[in-house]
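*Asks:* Predicted structure and sequence below. I'll ask about it afterward.
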Amino acid sequence: MIRKSILVFGLIVGLFSSCAEEKTPGLAAEGPLTYQIIQISTSLGDMYAYLYRETPLHQSNFTKLANEGFFDSTEFHRIVTNFVIQGGDPNSKDADRSNDGNGSPGYTVPAEIDSAKFKHSYGAIGAARSGNATNPQKASNGSQFYIVTDQNGEPFLDGEYTVFGELVKGWDVAKNIEKKPKNANGLPLDRIPMTVKVHQYTQEVLDAMDIVIPEY
């Protein structure tokens, strides 16, 4: 097992077939277009993310869980210096921290790996999964995700995990989370809960927030 492996266990195979467009019409038929932005809030600040429409299974699954409040009160349960911060495990909501990193919603999401286009660059958002020995299809955990915090990226992960989005604001927050004290397993000594919300922002709002939508 490599030093910087993404650890997730006990996954059950499942499937999501719906997709969500990242650019949707406003409420009025003649209104402005809006862009779907994910807000991940913590006590250390807010991060904002854009999810790729080219990974529709992961995009729609993450958006669905966020809209249902699934991620709220889950924690960033694993931090590795100059590598990743990882969260989204429902097990992290309770008082027992010994099983954090082992949970899921009860299903997996089929891999949508396109390493030619979406790489593990700084701020990339990827889906955690179990190892190749038990998961040769590289299916993703249904909820656990990680954010790359190495400013040089982590190219050795390309082709192994689905990258389905990236931060568009709040890289400093991710780095601050990464720097928190942790035990030998990467579990933060202080709990770092999150809330996750889905927003539809117009270009005017994005400009005011200094958010640039990536183009591929």
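*Replies:* Great, that's in hand. Residues are numbered from 1 along each chain as shown.
*Asks:* contacting residues for Lys119?
*Replies:* 153, 155, 158, 163 (Cβ atoms under 8 Å, 6 or more residues apart in numbering). All C-beta spots, glycine's among them, are computed from the backbone N, C-alpha and C.
*Asks:* separation between it and Asp210?
*Replies:* With the distance defined as Cβ to Cβ, to the nearest Å, Lys119 ends up 24 Å from Asp210.
*Asks:* Would you state the helices of this structure in chain order?
*Replies:* 56-67, 171-178, 203-209 (DSSP state H).
*Asks:* Rebuild the ones you listed as CSV, extending it with mean neighbour count and mean pLDDT.
*Replies:* Listed next are the helices of the chain as CSV, based on neighbours: other Cβ atoms under 10 Å; pLDDT from 0 to 100:
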stretch, mean neighbour count, mean pLDDT
helix 56-67, 21, 98
helix 171-178, 18, 98
helix 203-209, 13, 97
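*Asks:* Select, out of those, the one closest to Ile125.
*Replies:* Distance to Ile125, taken as Cβ to Cβ, is lowest for helix 56-67 among the helices of the chain, at 8.7 Å.
*Asks:* name the helices or strands packed onto that closest one?
*Replies:* Of the remaining helices and strands, those touching helix 56-67 by 3 or more Cβ pairs under 8 Å, 6 or more residues apart in numbering; DSSP states H and E are strand 34-42, strand 45-51, strand 108-109, strand 163-169, strand 195-202.
*Asks:* try it again with 10 Å
*Replies:* For helix 56-67, the elements it packs on are strand 34-42, strand 45-51, strand 108-109, strand 124-127, strand 140-141, strand 163-169, strand 195-202, judged by 3 or more Cβ pairs under 10 Å, 6 or more residues apart in numbering; DSSP states H and E.
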